[in-house]
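> Sequence and predicted structure below; questions after.
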Amino acid sequence: MIIDLRSDTFTKPSPAMLEAMFTAKVGDDVFGEDPTVNELESIAAKMFQMEEAVFCPSGTMTNQIAIKCHTQPGQEIICEKLSHVYIYEGGGIAFNSNCQVKPIEGNRGRITSEEVVEAINPNDIHKASTGLVSLENTANRGGGSCYDFKEIIKIKAICLDNNLPLHLDGARLWNAMVANGENAMQYGEIFDSISICLSKGLGTPVGSLLLGKKDFIKKARRIRKVFGGGMRQAGYLAAAGIYALENNIQRLAQDHQHIKQIAAALVKKDFVGTIMPVETNILIFELKGRFTAKSFEKELAQSGIYTIAISPTQIRMVTHLDVTEKMVSQLISIIETL
Ligand SMILES: *Cc1c(COP(=O)(O)O)cnc(C)c1O
(Lines give C-alpha, C1' and ligand atoms only; values in the text may rest on other atoms or scores of the structure.)
Protein backbone atom coordinates (compact mmCIF):
# COMPACT_ATOMS: atom_id res chain seq x y z
CA MET A 1 0.00 0.00 0.00
CA ILE A 2 1.36 3.41 -1.03
CA ILE A 3 0.50 6.26 1.31
CA ASP A 4 1.28 9.48 -0.48
CA LEU A 5 1.53 12.43 1.90
CA ARG A 6 3.75 14.60 -0.29
CA SER A 7 0.93 16.93 -1.26
CA ASP A 8 -2.82 17.14 -1.68
CA THR A 9 -2.09 17.53 -5.41
CA PHE A 10 -1.47 13.77 -5.71
CA THR A 11 -5.16 12.84 -5.63
CA LYS A 12 -6.71 10.97 -8.54
CA PRO A 13 -10.29 11.59 -9.67
CA SER A 14 -12.79 9.16 -8.12
CA PRO A 15 -15.06 7.02 -10.34
CA ALA A 16 -17.98 9.38 -9.61
CA MET A 17 -15.91 12.43 -10.55
CA LEU A 18 -14.75 10.70 -13.75
CA GLU A 19 -18.36 9.88 -14.60
CA ALA A 20 -19.26 13.58 -14.24
CA MET A 21 -16.36 14.42 -16.56
CA PHE A 22 -17.31 11.81 -19.19
CA THR A 23 -20.85 13.05 -19.43
CA ALA A 24 -20.09 16.80 -19.46
CA LYS A 25 -21.57 19.03 -22.15
CA VAL A 26 -18.77 20.98 -23.79
CA GLY A 27 -18.07 23.76 -26.28
CA ASP A 28 -15.23 26.14 -27.16
CA ASP A 29 -14.53 28.09 -23.99
CA VAL A 30 -12.29 30.64 -25.73
CA PHE A 31 -15.51 31.66 -27.51
CA GLY A 32 -17.35 31.54 -24.16
CA GLU A 33 -19.40 28.59 -25.43
CA ASP A 34 -18.58 25.82 -23.01
CA PRO A 35 -21.75 25.40 -20.93
CA THR A 36 -20.02 23.43 -18.16
CA VAL A 37 -17.22 25.99 -17.72
CA ASN A 38 -19.83 28.75 -17.67
CA GLU A 39 -21.78 26.82 -15.04
CA LEU A 40 -18.71 26.26 -12.84
CA GLU A 41 -17.77 29.95 -13.05
CA SER A 42 -21.26 31.01 -12.12
CA ILE A 43 -21.55 28.51 -9.22
CA ALA A 44 -18.25 29.78 -7.78
CA ALA A 45 -19.13 33.46 -8.23
CA LYS A 46 -22.43 32.83 -6.45
CA MET A 47 -20.79 30.97 -3.55
CA PHE A 48 -18.49 33.93 -2.91
CA GLN A 49 -21.11 36.52 -3.89
CA MET A 50 -18.54 37.99 -6.25
CA GLU A 51 -19.53 39.28 -9.67
CA GLU A 52 -17.64 36.85 -11.90
CA ALA A 53 -15.12 34.03 -12.06
CA VAL A 54 -12.72 32.71 -14.69
CA PHE A 55 -11.56 29.08 -14.92
CA CYS A 56 -7.81 28.56 -15.42
CA PRO A 57 -5.46 25.58 -15.65
CA SER A 58 -3.53 26.27 -12.42
CA GLY A 59 -3.38 28.28 -9.24
CA THR A 60 -0.12 29.75 -10.37
CA MET A 61 -1.94 31.15 -13.38
CA THR A 62 -4.85 32.57 -11.38
CA ASN A 63 -2.43 34.26 -8.96
CA GLN A 64 -0.22 35.60 -11.74
CA ILE A 65 -3.18 36.89 -13.75
CA ALA A 66 -4.49 38.68 -10.65
CA ILE A 67 -1.11 40.27 -9.98
CA LYS A 68 -0.80 41.36 -13.61
CA CYS A 69 -4.31 42.86 -13.59
CA HIS A 70 -3.81 44.76 -10.32
CA THR A 71 -0.35 46.25 -10.91
CA GLN A 72 1.79 48.41 -13.20
CA PRO A 73 5.44 47.59 -14.05
CA GLY A 74 7.86 48.83 -11.38
CA GLN A 75 5.41 48.54 -8.52
CA GLU A 76 5.91 46.65 -5.29
CA ILE A 77 3.77 43.84 -3.90
CA ILE A 78 3.43 43.30 -0.16
CA CYS A 79 3.28 39.66 0.90
CA GLU A 80 4.72 37.28 3.47
CA LYS A 81 8.27 36.16 2.64
CA LEU A 82 7.33 32.48 2.18
CA SER A 83 4.26 33.24 0.04
CA HIS A 84 3.59 30.92 -2.86
CA VAL A 85 3.23 33.92 -5.21
CA TYR A 86 6.77 34.95 -4.28
CA ILE A 87 8.82 31.77 -3.80
CA TYR A 88 6.98 29.05 -5.75
CA GLU A 89 5.82 30.67 -8.97
CA GLY A 90 9.08 30.71 -10.88
CA GLY A 91 9.77 34.40 -10.38
CA GLY A 92 6.47 35.11 -12.11
CA ILE A 93 5.95 38.45 -10.38
CA ALA A 94 9.09 39.78 -12.08
CA PHE A 95 8.62 37.82 -15.30
CA ASN A 96 4.95 38.54 -15.95
CA SER A 97 4.27 41.82 -14.19
CA ASN A 98 7.71 43.47 -13.95
CA CYS A 99 7.07 44.12 -10.28
CA GLN A 100 9.13 43.52 -7.16
CA VAL A 101 8.19 42.15 -3.77
CA LYS A 102 8.38 43.67 -0.31
CA PRO A 103 8.59 40.42 1.68
CA ILE A 104 7.38 40.53 5.27
CA GLU A 105 8.66 38.14 7.91
CA GLY A 106 5.31 37.05 9.29
CA ASN A 107 4.08 34.51 11.78
CA ARG A 108 3.71 31.07 10.14
CA GLY A 109 3.01 32.64 6.77
CA ARG A 110 0.58 35.27 7.99
CA ILE A 111 1.06 39.03 8.20
CA THR A 112 -0.63 41.65 10.36
CA SER A 113 -2.22 44.99 9.54
CA GLU A 114 0.61 46.77 11.42
CA GLU A 115 3.17 45.03 9.22
CA VAL A 116 1.25 46.04 6.12
CA VAL A 117 1.17 49.68 7.26
CA GLU A 118 4.94 49.64 7.76
CA ALA A 119 5.55 48.02 4.38
CA ILE A 120 3.64 50.60 2.34
CA ASN A 121 6.10 52.96 0.69
CA PRO A 122 5.79 56.73 1.04
CA ASN A 123 5.23 58.82 -2.07
CA ASP A 124 8.96 59.31 -2.67
CA ILE A 125 10.63 59.09 -6.10
CA HIS A 126 13.34 56.81 -4.66
CA LYS A 127 10.80 54.17 -3.76
CA ALA A 128 8.73 51.75 -5.77
CA SER A 129 5.07 52.61 -5.55
CA THR A 130 3.17 49.99 -3.56
CA GLY A 131 0.65 48.34 -5.85
CA LEU A 132 -0.91 45.35 -4.14
CA VAL A 133 -1.25 43.41 -0.90
CA SER A 134 -1.45 39.61 -1.28
CA LEU A 135 -2.44 37.20 1.50
CA GLU A 136 -2.36 33.39 1.57
CA ASN A 137 -5.00 31.37 3.47
CA THR A 138 -4.25 28.71 4.49
CA ALA A 139 -0.54 29.52 4.45
CA ASN A 140 1.30 26.59 2.89
CA ARG A 141 4.74 27.20 4.43
CA GLY A 142 3.05 28.19 7.66
CA GLY A 143 2.00 24.54 7.98
CA GLY A 144 -1.56 25.14 6.81
CA SER A 145 -2.04 28.00 9.26
CA CYS A 146 -5.19 30.11 9.05
CA TYR A 147 -5.78 33.83 9.34
CA ASP A 148 -7.92 35.16 12.12
CA PHE A 149 -10.69 36.77 10.05
CA LYS A 150 -10.55 39.87 12.26
CA GLU A 151 -6.98 40.49 11.09
CA ILE A 152 -8.09 40.26 7.47
CA ILE A 153 -10.73 42.92 8.16
CA LYS A 154 -8.03 45.18 9.64
CA ILE A 155 -5.76 44.63 6.65
CA LYS A 156 -8.64 45.50 4.32
CA ALA A 157 -9.16 48.79 6.18
CA ILE A 158 -5.49 49.67 5.64
CA CYS A 159 -5.81 48.80 1.95
CA LEU A 160 -8.88 51.02 1.61
CA ASP A 161 -7.08 53.92 3.36
CA ASN A 162 -4.18 53.57 0.94
CA ASN A 163 -6.15 52.78 -2.18
CA LEU A 164 -4.51 49.35 -2.52
CA PRO A 165 -6.15 46.25 -3.97
CA LEU A 166 -6.17 43.12 -1.79
CA HIS A 167 -5.64 39.67 -3.35
CA LEU A 168 -6.16 36.29 -1.69
CA ASP A 169 -4.21 33.21 -2.69
CA GLY A 170 -6.84 30.78 -1.48
CA ALA A 171 -5.35 27.59 -2.91
CA ARG A 172 -6.52 25.89 0.31
CA LEU A 173 -9.17 28.39 1.35
CA TRP A 174 -11.75 25.62 1.74
CA ASN A 175 -9.56 24.04 4.41
CA ALA A 176 -9.49 27.31 6.34
CA MET A 177 -13.25 27.80 6.00
CA VAL A 178 -14.06 24.26 7.13
CA ALA A 179 -11.61 24.45 10.06
CA ASN A 180 -12.95 27.78 11.29
CA GLY A 181 -16.62 27.61 10.37
CA GLU A 182 -16.33 30.51 7.93
CA ASN A 183 -18.20 30.94 4.67
CA ALA A 184 -17.19 31.99 1.19
CA MET A 185 -19.30 35.15 1.21
CA GLN A 186 -17.26 36.65 4.05
CA TYR A 187 -14.20 36.37 1.84
CA GLY A 188 -16.00 37.58 -1.26
CA GLU A 189 -17.02 40.73 0.54
CA ILE A 190 -13.46 41.69 1.53
CA PHE A 191 -11.11 40.75 -1.28
CA ASP A 192 -10.75 42.41 -4.67
CA SER A 193 -9.65 39.10 -6.14
CA ILE A 194 -9.57 35.52 -4.90
CA SER A 195 -7.77 32.52 -6.37
CA ILE A 196 -9.07 29.09 -5.35
CA CYS A 197 -7.71 25.69 -6.35
CA LEU A 198 -9.90 22.75 -7.25
CA SER A 199 -6.91 20.44 -7.61
CA LYS A 200 -5.72 20.45 -3.99
CA GLY A 201 -7.98 19.16 -1.22
CA LEU A 202 -11.02 19.18 -3.49
CA GLY A 203 -9.44 16.45 -5.59
CA THR A 204 -9.87 17.46 -9.24
CA PRO A 205 -7.13 16.65 -11.75
CA VAL A 206 -6.82 20.25 -13.03
CA GLY A 207 -8.16 23.68 -12.39
CA SER A 208 -8.35 26.88 -10.42
CA LEU A 209 -10.72 29.81 -10.40
CA LEU A 210 -10.08 33.53 -10.17
CA LEU A 211 -12.91 35.62 -8.78
CA GLY A 212 -13.49 39.35 -8.83
CA LYS A 213 -15.57 42.21 -10.16
CA LYS A 214 -16.93 42.13 -13.72
CA ASP A 215 -14.38 44.55 -15.21
CA PHE A 216 -11.52 42.81 -13.41
CA ILE A 217 -12.51 39.39 -14.74
CA LYS A 218 -12.92 40.83 -18.24
CA LYS A 219 -9.31 41.99 -18.04
CA ALA A 220 -8.31 38.64 -16.50
CA ARG A 221 -9.77 36.77 -19.49
CA ARG A 222 -7.56 38.80 -21.81
CA ILE A 223 -4.46 38.09 -19.69
CA ARG A 224 -5.37 34.40 -19.47
CA LYS A 225 -5.33 34.29 -23.28
CA VAL A 226 -1.98 36.11 -23.40
CA PHE A 227 -0.52 33.66 -20.86
CA GLY A 228 -1.68 30.77 -23.07
CA GLY A 229 -4.39 29.66 -20.66
CA GLY A 230 -7.38 29.88 -22.98
CA MET A 231 -8.69 26.31 -23.15
CA ARG A 232 -11.18 24.88 -25.64
CA GLN A 233 -13.47 22.01 -24.49
CA ALA A 234 -12.49 22.63 -20.89
CA GLY A 235 -15.93 21.56 -19.71
CA TYR A 236 -14.56 18.07 -19.09
CA LEU A 237 -12.30 19.64 -16.46
CA ALA A 238 -14.93 22.05 -15.19
CA ALA A 239 -17.30 19.12 -14.60
CA ALA A 240 -14.77 17.73 -12.13
CA GLY A 241 -14.76 21.13 -10.43
CA ILE A 242 -18.54 21.23 -10.12
CA TYR A 243 -18.50 17.69 -8.72
CA ALA A 244 -15.83 18.72 -6.20
CA LEU A 245 -17.71 21.82 -5.03
CA GLU A 246 -20.83 19.73 -4.53
CA ASN A 247 -19.23 16.73 -2.83
CA ASN A 248 -15.75 17.32 -1.48
CA ILE A 249 -15.84 20.40 0.74
CA GLN A 250 -17.30 19.18 4.03
CA ARG A 251 -15.15 16.03 3.99
CA LEU A 252 -12.02 18.17 4.42
CA ALA A 253 -12.72 18.00 8.16
CA GLN A 254 -11.71 14.33 7.93
CA ASP A 255 -8.30 15.27 6.48
CA HIS A 256 -7.82 17.68 9.37
CA GLN A 257 -8.70 14.93 11.85
CA HIS A 258 -6.27 12.53 10.19
CA ILE A 259 -3.30 14.87 10.31
CA LYS A 260 -3.95 15.58 14.01
CA GLN A 261 -3.84 11.83 14.70
CA ILE A 262 -0.50 11.58 12.89
CA ALA A 263 0.87 14.57 14.83
CA ALA A 264 -0.25 12.95 18.11
CA ALA A 265 1.81 9.84 17.25
CA LEU A 266 4.86 11.87 16.28
CA VAL A 267 4.89 14.03 19.39
CA LYS A 268 5.74 10.95 21.50
CA LYS A 269 8.95 10.21 19.57
CA ASP A 270 12.36 11.36 20.77
CA PHE A 271 13.57 12.06 17.23
CA VAL A 272 10.81 14.63 16.66
CA GLY A 273 11.56 18.25 17.52
CA THR A 274 9.21 21.18 17.12
CA ILE A 275 5.86 20.39 15.51
CA MET A 276 4.15 23.41 14.01
CA PRO A 277 0.62 23.86 15.33
CA VAL A 278 -1.73 21.72 13.22
CA GLU A 279 -4.71 23.72 12.01
CA THR A 280 -5.81 22.10 8.75
CA ASN A 281 -4.38 19.31 6.55
CA ILE A 282 -0.66 20.13 6.64
CA LEU A 283 1.87 18.99 9.20
CA ILE A 284 5.40 20.39 9.36
CA PHE A 285 7.76 19.05 12.00
CA GLU A 286 11.44 19.01 12.84
CA LEU A 287 13.68 15.96 13.07
CA LYS A 288 16.52 15.67 15.56
CA GLY A 289 18.92 13.04 16.90
CA ARG A 290 18.81 9.84 14.84
CA PHE A 291 17.16 11.37 11.77
CA THR A 292 17.73 14.24 9.41
CA ALA A 293 14.74 15.23 7.31
CA LYS A 294 16.23 13.41 4.31
CA SER A 295 16.98 10.20 6.20
CA PHE A 296 13.49 10.20 7.74
CA GLU A 297 11.95 10.71 4.31
CA LYS A 298 13.96 7.69 3.06
CA GLU A 299 13.07 5.55 6.07
CA LEU A 300 9.34 6.06 5.53
CA ALA A 301 9.64 5.62 1.77
CA GLN A 302 10.87 2.07 2.41
CA SER A 303 7.43 1.33 3.84
CA GLY A 304 5.69 2.99 0.89
CA ILE A 305 5.02 6.23 2.76
CA TYR A 306 5.93 9.30 0.78
CA THR A 307 6.66 12.62 2.48
CA ILE A 308 8.75 15.66 1.58
CA ALA A 309 11.81 17.09 3.31
CA ILE A 310 11.17 20.81 2.90
CA SER A 311 14.41 21.84 4.62
CA PRO A 312 17.42 19.94 6.06
CA THR A 313 15.52 19.52 9.35
CA GLN A 314 11.83 19.67 8.39
CA ILE A 315 9.37 17.15 6.97
CA ARG A 316 6.00 18.04 5.51
CA MET A 317 3.00 15.70 5.41
CA VAL A 318 -0.31 16.57 3.80
CA THR A 319 -3.56 14.62 4.12
CA HIS A 320 -6.19 14.54 1.38
CA LEU A 321 -9.10 12.52 0.06
CA ASP A 322 -6.94 9.64 -1.14
CA VAL A 323 -5.52 9.11 2.35
CA THR A 324 -7.93 6.75 4.08
CA GLU A 325 -8.49 6.03 7.76
CA LYS A 326 -6.79 2.66 7.25
CA MET A 327 -3.70 4.32 5.79
CA VAL A 328 -3.53 6.70 8.74
CA SER A 329 -3.65 3.77 11.19
CA GLN A 330 -0.93 1.98 9.27
CA LEU A 331 1.28 5.06 9.26
CA ILE A 332 0.75 5.51 13.00
CA SER A 333 1.76 1.92 13.73
CA ILE A 334 4.91 2.37 11.64
CA ILE A 335 5.78 5.59 13.49
CA GLU A 336 5.34 3.70 16.79
CA THR A 337 7.96 1.13 15.77
CA LEU A 338 10.61 3.73 14.88
C1 LIG B 1 -0.56 24.83 -4.88
C2 LIG B 1 -0.61 26.26 -4.54
C3 LIG B 1 -0.87 27.23 -5.52
C4 LIG B 1 -1.11 26.92 -6.98
O5 LIG B 1 -0.36 25.95 -7.50
P6 LIG B 1 -0.61 25.24 -8.90
O7 LIG B 1 0.15 24.01 -8.76
O8 LIG B 1 -0.08 26.17 -9.93
O9 LIG B 1 -2.09 25.01 -9.08
C10 LIG B 1 -0.93 28.54 -5.12
N11 LIG B 1 -0.76 28.88 -3.83
C12 LIG B 1 -0.54 27.99 -2.87
C13 LIG B 1 -0.40 28.44 -1.47
C14 LIG B 1 -0.44 26.64 -3.19
O15 LIG B 1 -0.20 25.75 -2.22
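Thanks, I have it.

> could you measure Phe48 against the ligand, distance?
Per Cβ to the nearest ligand atom, to the nearest Å, Phe48 is found 17 Å from the ligand. (C-beta placed from N, C-alpha, C; glycine too.)

> Am I right that that residue is in contact with Glu182?
No - if you go by Cβ atoms under 8 Å, Phe48 and Glu182 don't touch, sitting 11.8 Å apart.

> Now for Met185, how many residues are close by?
13 (other Cβ atoms under 10 Å).

> what sits against it?
With contact set as Cβ atoms under 8 Å, 6 or more residues apart in numbering, Met185 has these partners: 47-49.

> Let me know whether Lys102 touches Ile78 as I believe.
Yes - at 5.1 Å, Lys102 counts as touching Ile78 under the criterion of Cβ under 8 Å.

> check contacts around the residue of the stretch 101-250 of the chain found nearest the ligand.
Nearest to the ligand in the stretch 101-250 of the chain, going by Cβ to the nearest ligand atom, is Ala171, at a distance of 3.4 Å. Contact analysis of Ala171 by Cβ under 8 Å, 6+ apart lists 59, 84, 136, 140, 195-197, 200, 208.

> Helix, strand or coil: sort out the residue lying farthest from the centre of the chain for me.
In the chain, the residue that sits farthest from the middle, by Cα atoms, centre = their mean, is Ile125; the gap is 35.0 Å. Under DSSP: H, G, I helix; E, B strand; the rest coil, Ile125 falls in the coil class.

> gap between it and Gly74?
Applying Cβ to Cβ, to the nearest Å, the value for Ile125 to Gly74 is 12 Å.

> ok so, going back, so which of the contacts of Met185 wins on neighbours?
Among those, Phe48 has the most neighbours (other Cβ under 10 Å), with 23 neighbours.

> Contacts only, for the closest residue to that residue other than its chain neighbours.
In space, Phe48 comes closest to Gly188 once its chain neighbours are excluded; the distance is 3.4 Å by Cβ to Cβ, 6 or more residues apart in numbering. With contacts taken as Cβ under 8 Å, 6+ apart, Gly188 has the following neighbours: 47-50, 194, 211.

> I appreciate the help and will end here.
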